[in-house]
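**Q** what would the 3D arrangement of this be:
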Amino acid sequence: MKKAIMLISCFVFLVGLPSCGGGKNTKEKNSGDFSLDEKYDRKGSNTGRAEGVAAIFDNDRALARDRAINDARNKLVEKVLGTTVSGESMVKDYELVKMLIQSRSYGLVKKEKIVSEKSDSDMYRVELEGTVEPAVVEDAIEDALNRYGKPKFMILISETFEGRMNMPGFTETELQMQERMGAVGFQFVDMQIVQDLMKRQYGRMSKAMTGQVTEDVQNMLLNDVGAEVLIIGTAQTQDQSGVLRAYSANMKSKSAIVRLKAVDVYSGRILATTSKDAPGVHIQSDTASKRAIEAVVKKILGGKDESTGQSKPGPFMDEIIKQFVKSATHRQINLFITGLDYNGMKKFREEIENRIRGVQQVLEKGRVGRAARVEVYFAGTTAEFVDELKAKADKLGFEFEIPDTFPNRVTIQAKVLGK
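**A** Numbering: from 1, shown residues only. Below is the predicted model:
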């Protein structure tokens, strides 16, 4: 399992994705490849038992049994992880790993069988035995990190470069950050779009530059251009050539200081902050300032580890990715629902909280007549929530029409079946 933890650190923290094999790549054996079964046997497996428990809702024992089995699967995977990994890296990453697998237990447990099951009027209990194969867990973790750990960025840096004020959209700092982050697979809102927004939507972009993710800013960034993480800040270069005069009258020395803040556009939550400085030297002033910014960006985002030859992330990017993945597994989705009276809305809240896989919490935030606003906290994407909701509509006792969906909000027209 140490390899799994190494894979997690490699993938999450930008450490050379193509070189991280995880569980999906097999090595050559003589002239052929290992089979999938051989691969798992080589990595080792762990067989154990776990008990799953679920509440019986509306006397639906079949659903409760399914939920109890899933609960047992989750517990078994967590149990195996807890007994096969150890050390400081385990303490650092284990909670993140658990959050990722809690909604992905399907397929992680092999050769499973029900040892015993029983129920009363309220609860269903299942004892499950099965084998957890580390290679399969690695694949699931890699898949989850691939889905959640690569948010799309917008970078807005106000820059003072050689005494010139450069507005966000095409600053030297932005170019350096995009080049370094883009090399390991991150995507960005195109700079031309950023420049256009600075002209057409200056009021909202000004809010964004200060980290104010109000509803109108959120709609513009998330729904219109797809920016999931906003990096804002300032950069400034200053002359310090006096320190070189004793050595060379021609060389220019500049210092750069960059202050950054990363914000989750879905929630407005601050993911990470940093402030770093570094010098740069060259015979040309502009080039010296550029080198100073490049040195700061390398400190913040990371660079090449000379001992391994792979990318080594800076703490700023390290924290952004960890915090964003955690947010993605507890994401707020805003629902705007029409067509339900008080009793219908109560039934809706209870049904999705108890029957939609991945739903962690449901909060009603206000209603006017037969219209209501509801916040759902969900382990997954909005599209996944909508798919699950539509697939289970009949079992939930509703008819749903969903005219609008966005990355963080959904409009639902609902009707109770039989009414």
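
**Q** residue contacts, Arg349?
**A** Val362, Glu364, Val374 (C-beta atoms under 8 Å, 6 or more residues apart in numbering). C-betas here are computed from N, CA, C, even on glycine.

**Q** the last one: neighbour count?
**A** Pointing back at Val374 there. 21 (other C-beta atoms under 10 Å).

**Q** look up the closest residue to it, ignoring the ones flanking it.
**A** Counting by C-beta to C-beta, 6 or more residues apart in numbering, Val374 lies nearest to Leu335, which is 4.3 Å off, once chain neighbours are set aside.

**Q** pretty sure that neighbour sits in a helix.
**A** No: secondary structure of Leu335 (DSSP: H, G, I helix; E, B strand; the rest coil): strand, not part of a helix.

**Q** in strands, which of the contacts of Arg349 fall?
**A** If you go by DSSP state E, the contacts of Arg349 have Val362, Glu364, Val374 in strands.

**Q** quick one: these as a markdown table, columns for pLDDT and distance to Gly185 too.
**A** Below are these laid out as a markdown table (pLDDT from 0 to 100; distance: C-beta to C-beta, whole Å):
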| residue | pLDDT | distance to Gly185 |
| --- | --- | --- |
| Val362 | 93 | 35 |
| Glu364 | 91 | 40 |
| Val374 | 95 | 35 |
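
**Q** residues contacting the spatially closest residue to Ala295 that is not a sequence neighbour?
**A** Distance criterion C-beta to C-beta, 6+ apart; nearest residue to Ala295, sequence neighbours excluded, is Ala278 at 3.6 Å. With contact set as C-beta under 8 Å, 6+ apart, Ala278 has these partners: Ser255, Ala256, Ala292, Ala295, Val296, Lys298, Lys299.

**Q** count the neighbours of the nearest residue to Ser285 once chain neighbours are set aside for me.
**A** Leaving aside its chain neighbours, Ser285 sits nearest to Lys252 (4.8 Å; criterion: C-beta to C-beta, 6+ apart). For Lys252, the count of nearby residues is 20 (other C-beta under 10 Å).

**Q** roughly how far does Lys252 sit from Ala288?
**A** Separation of Lys252 from Ala288 (C-beta to C-beta, to the nearest Å) stands at 4 Å.

**Q** which residue ranges form the helices in the stretch 301-419 of the chain?
**A** 315-328, 342-355, 382-391, 393-396 (DSSP state H, counting those that start in this stretch).

**Q** tell me which of those sits most buried.
**A** Mean neighbour count (mean count of other C-beta atoms under 10 Å) peaks for helix 315-328 among the helices of the stretch 301-419 of the chain, with a mean of 20.

**Q** helices and strands around that one, which ones?
**A** In terms of contacts (3 or more C-beta pairs under 8 Å, 6 or more residues apart in numbering; DSSP states H and E), helix 315-328 is packed against helix 2-12, helix 88-101, helix 134-148, strand 252-264, strand 270-282, helix 285-301.

**Q** what average pLDDT does the third one get?
**A** Per-residue pLDDT values across helix 134-148 average out to 65.

**Q** quick one: name whatever helix or strand follows that helix.
**A** On the C-terminal side of helix 134-148, the nearest following helix or strand under DSSP states H and E is strand 153-161.

**Q** what helices or strands is the next helix or strand after that next one leaning on?
**A** Per DSSP H and E, strand 153-161 leads on to strand 164-166 as the next helix or strand towards the C-terminus. Applying 3+ C-beta pairs under 8 Å, 6+ apart, we find strand 164-166 packed against strand 153-161.

**Q** for the strand it packs on, packing partners?
**A** The criterion is 3+ C-beta pairs under 8 Å, 6+ apart, and the helices and strands that strand 153-161 contacts are strand 164-166, helix 172-182, helix 202-209, strand 229-239.
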